[in-house]
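>>> Okay, here's the prediction I keep looking at, along with the sequence it came from:
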Amino acid sequence: MMKNNGNVDATKYVVLDVETNGLSAIRDDLLSISIYKPDTEEIYDRLMPLELNDEVKTTSINGIKTEDLDGLRPLTQEEVNTIIEKFELKTRIILTYGSLDERFINKYFKRHNLVGIDFFSFYNFKHEIISSRFAEGNITKDYLATLYGIENITKVHSGINDCIIEWKLYEALNGHHLIITGNKVFEFNDEYFVPASFLNYNNMKYYQKELLKFICDKKEVFSIEISGDNIFKLGNNGDGLILEHLINSELKVQKIDSREILIRNKSKLNYIGELPKIRPVMPLLFNADGSVTETKKEDEKYVQRINNSIHEMQKQFQPLISFIKADIFKEKQIKSQEMVSYPDKKILALCDLSTDEAILEIKSASYESIDYHSQQLYYEANGRRCFVLMKKAEVSQNRINYTIYEVSFKKVEYVDAKKMLFEKAKEKIDTDTIKLIKYDGAKKPVRLKCKRCENEWSTSYSTVMRHVICPVCGIRDGFQNKNNQVDKIMKRFYKAQQKLDEKSNNNLQYISYRLAKEKARVKCKSCGFEWETIPDHLIKRAYCRNCGI
C-alpha cells in the first residue's frame, strides 16, 4: 500500500462531486452537489429538485429517492455567492474524478442563469492515469482507492463520502502519474522506457516531453478478401493474437526473446496493485502449426471453433503469406518481436515482423487508422522500409479484407511537447487584454494574466474557451463592444477595485467581493498576505495588515 508523503498542499484545493440521474447533462437532472474543503474539513452537501425528469432512475447507485427531492428549491444566486466565498471557489483548484461533474455544473448554471462559474478552475485528476483505450471499465476511484488502502468505500455512493475518498486518492497519487497495463497499476517515472505502442495511450500526451512531427504517407501494395464463413470472432485483442500467431507459424519466424529486458524495464515502475478483471480471459497455448490448445477443460468447445477458424484462414491466406515472404522480406529469415531501443528518448519498440531492411506491423482492429499508429510505426521502422497489415470486416457481406500498405515518413522533427502545446494554446487564448502565462494541457488549470491590471489567476481550459473575464477588473474580450456593459456583479467588483486602487496606491487587490458591507477577501501585492475584511472598513484604512504598506 502506498502512502502520501505530504507534498500535496490541501489549502490549494476543494473537491467537488455530483450525483446525477444519468450521464447526459442536457437530458438528466443534477440530483446533488457536494463540496469538501480538505484543510478545514468543511462540507457542503445539498440535494437538488427534479426539473428535467419525473423520477430518480439512479437510486441503486446514489441512494437518492424521488421523495427525497420533493419540495426542494433550485440553487439561488445568493446561495451560490455564499458557497463561492466560503469554499474559496475562485482561488482554489476544484478537483473532480472524471468530466461528468464539470459538465453537469456548467449546464445547471447556464440553465438557471447563475453567475460565478467563469472563475472556477476545475481539474479532472483522472487525467493523471495513463491507460489503453481498450482498458476495461474498471479504472474507477473506488477500485484505485482500495489499492491504496483507503477506507469507507461504499457500494451506494454518497456525494460527500465520494469527495473525501477522492481527496485521499489525490493525496495518495502525490503528483505522480499512474500507468495501467492489462489490469496492473504502476506509478510512472522518468526512468521507464515507454513502449512505442503506448504512445497513443489515453493521457500519455500530457506526460511526453518530446513529440514527433512528420507527414505520414501510405501506399497500398497488396490486398486480399476472404470469406468470413466458419471464422469464429473473439474480439479485437483475441483476434489480433490469433492472426499474429497464424502468420508467424506460416512464415516460420525466428522469435526474439526480450523478456529479461522487458522485465527489467517494468521493474523501474513502482507497482501499486491489480484491478479486478471485468471480462473473463481465456488462456491459450500457441502451437507451432498455428493451432491453439486450451488450458481449461470448460474452454474446449470454444478452442475447437477457434482451430476450425485457423484452418479456414490458413487455406485462404496463402497469397498473403507469399507476398509477405517474397515482396516485403525478400525470402530472408524473418524475426518476430525484435526490440529497437532509443535510450535518449526513453522509448523502446517491439516489431511484429522484421528483417534488417523492412518491418511489418499487424493491426486487427478494423476501425483503426494508420495515422493513429504513426509514432509506433516510425520508431519500429528505425529507418527501414515500413509496412502495416490492416484488417477490415464487411459485416453485412460476411467478408474480411486484409490490406498491406507501405508507409513513409517525411519532414521528421522532434519538438518540445510542452512548448508546442503552450504556443498552440496561446494562439487560441491571448487577446488584447488577456495573456496566457502557464499551460500544461487542456485538462489542467491554465494560468492567465490581465494586461490592464496585471492580476494573475487560474481557471479551467474549458472556461477560457467560452470567454475570458479578469476577476479583478472584469474585462472580457469582445463583451463590452457587443453589449456596451459588463454583468452587474462584475461591474460592482470592478468599481470596488478601482476605489481600492485609488486608496491603496494600487497595492491591495480584492480576491472576492460581493457588497460593501459584506466580508471580502483581500491580497497585498507587496507581501502576498491575504485576509478577510469589510470593504467599507478597508477603504478607511487601506493598508496591509501584515506589512503595513
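Sure thing, it's come through.

>>> Do a quick rundown of the strands in the stretch 301-450 of the chain.
According to DSSP state E, counting those that start in this stretch, the stretch 301-450 of the chain carries its strands in the segments 335-336, 338-342, 347-351, 353-354, 358-363, 385-394, 399-416, 434-438, 446-450.

>>> now the last one against strand 434-438, angle please.
By that I understand strand 446-450. Relative orientation of strand 446-450 versus strand 434-438 (axes from the mean of the first three to the mean of the last three CA atoms, to 10 degrees): 140 degrees.

>>> any idea of the mean pLDDT in the helix or strand just after strand 446-450?
Counting by DSSP states H and E, the next helix or strand C-terminal to strand 446-450 is strand 456-459. Strand 456-459 shows a mean pLDDT of 80.

>>> Mind listing what's buried along the helix or strand that strand 456-459 is followed by?
For strand 456-459, the succeeding helix or strand toward the C-terminus, using DSSP H and E, is helix 461-466. For helix 461-466, a neighbour-count test (16 or more other CB atoms under 10 Å) marks 461-464 as buried. Any C-beta I mention is one placed from the backbone N, CA and C, and that applies to glycine too.

>>> Check stretch 515-534 too.
Under 16+ other CB under 10 Å, the buried positions of stretch 515-534 are 516, 519-524, 530.

>>> before we move on, the earlier item: can you say which of the strands of the stretch 301-450 of the chain is packed in most?
Mean neighbour count (mean count of other CB atoms under 10 Å) peaks for strand 353-354 among these, with a mean of 24.

>>> mind checking the SS state of Glu502?
Here Glu502 is recorded as helix under DSSP: H, G, I helix; E, B strand; the rest coil.

>>> Nearest residue to Ile129 in space, ignoring adjacent ones along the chain?
Counting by CB to CB, 6 or more residues apart in numbering, Leu178 is the residue found nearest to Ile129 once chain neighbours are left out, at 4.8 Å.

>>> Run through the bridge partners of that neighbour.
Counting by DSSP bridges, Leu178 forms beta bridges with Ile129, Glu187.

>>> For burial, what's the neighbour tally of it?
21 (other CB atoms under 10 Å).

>>> List the residues that contact it.
Listed by CB atoms under 8 Å, 6 or more residues apart in numbering, the contact set of Leu178 reads 128-130, 144, 185-188, 272.

>>> possible to save those residues as JSON lines with distance to Gly22 and neighbour count?
Below are those laid out as JSON lines (distance: CB to CB, whole Å; neighbours: other CB atoms under 10 Å):
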{"residue": "Glu128", "distance to Gly22": "27", "neighbour count": "19"}
{"residue": "Ile129", "distance to Gly22": "24", "neighbour count": "20"}
{"residue": "Ile130", "distance to Gly22": "28", "neighbour count": "22"}
{"residue": "Leu144", "distance to Gly22": "24", "neighbour count": "24"}
{"residue": "Val185", "distance to Gly22": "29", "neighbour count": "23"}
{"residue": "Phe186", "distance to Gly22": "34", "neighbour count": "20"}
{"residue": "Glu187", "distance to Gly22": "34", "neighbour count": "16"}
{"residue": "Phe188", "distance to Gly22": "33", "neighbour count": "19"}
{"residue": "Ile272", "distance to Gly22": "32", "neighbour count": "21"}
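
>>> nearest to Leu23, of those residues?
Nearest to Leu23 out of those is Ile129 (CB to CB; 19.6 Å).

>>> Pull up the per-residue confidence for that closest one.
So, for Ile129, pLDDT stands at 93.

>>> Check Gly238 too.
66.

>>> Next, Phe188: phi, psi?
phi -70, psi 150 (degrees, to the nearest 10).

>>> Same question for the one 5 residues further on.
Phe193 adopts backbone torsions of phi -80, psi 120, taken as degrees, to the nearest 10.

>>> residue contacts, the residue lying closest to it once chain neighbours are set aside?
By the measure of CB to CB, 6+ apart, the closest residue to Phe193 outside its immediate chain neighbours is Leu348, 4.6 Å from it. By CB under 8 Å, 6+ apart, the residues touching Leu348 are 193-196, 265, 339-342.

>>> And for Val156?
Here Val156 is in contact with 60-63 (criterion: CB under 8 Å, 6+ apart).

>>> Just the buried ones from these, in PyMOL syntax?
Here is the PyMOL selection string for the buried members of the contacts of Val156, based on 16+ other CB under 10 Å:
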select buried, resi 62
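
>>> Show only the entries of the contacts of Val156 found in strands.
Among these, DSSP state E puts none in strands.

>>> Can you add pLDDT and distance to Lys219 and give the contacts of Val156 back as a markdown table?
Formatted as a markdown table, those follow (pLDDT from 0 to 100; distance: CB to CB, whole Å):
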| residue | pLDDT | distance to Lys219 |
| --- | --- | --- |
| Ser60 | 94 | 54 |
| Ile61 | 94 | 51 |
| Asn62 | 94 | 54 |
| Gly63 | 95 | 58 |
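
>>> which stretches of the stretch 101-250 of the chain have low pLDDT?
134-137, 232-238 (pLDDT under 70).

>>> mind running it again at 80?
The model of the stretch 101-250 of the chain has pLDDT under 80 over residues 118-119, 133-138, 205-211, 228-239.

>>> quick one: the strands in it?
Using DSSP E, counting those that start in this stretch, strands in the stretch 101-250 of the chain cover 121-124, 129-131, 178-181, 184-187, 194-195, 210-227.

>>> Listing partners with orientation, what would you give for the shortest one?
Using DSSP bridges, the neighbouring strands of strand 194-195 in the sheet come out as strand 347-351 (parallel).

>>> on that earlier part again, which of the contacts of Leu348 lies closest to Ile164?
Val194 (33.7 Å).

>>> and the closest one, bridged to which residues?
Here Val194, judged by DSSP bridges, has bridge partners Ile347.

>>> how many other residues sit next to it?
If we define neighbours as other CB under 10 Å, then Val194 has 22 of them.

>>> I'd say it and Tyr342 touch.
No - using CB atoms under 8 Å, Val194 is not in contact with Tyr342, being 9.6 Å away.

>>> that older thread, with distance to Lys86 as new columns, can the contacts of Leu348 be given to me in CSV?
Below are these laid out as CSV (distance: CB to CB, whole Å):
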residue, distance to Lys86
Phe193, 48
Val194, 43
Pro195, 47
Ala196, 49
Asn265, 49
Met339, 56
Val340, 56
Ser341, 54
Tyr342, 51
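
>>> on that earlier part again, can you convert the strands of the stretch 101-250 of the chain into a markdown table and add a column each for distance to Tyr302?
Shown next, in a markdown table, are those (distance: least, CB to CB, whole Å):
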| stretch | distance to Tyr302 |
| --- | --- |
| strand 121-124 | 39 |
| strand 129-131 | 28 |
| strand 178-181 | 26 |
| strand 184-187 | 26 |
| strand 194-195 | 30 |
| strand 210-227 | 21 |
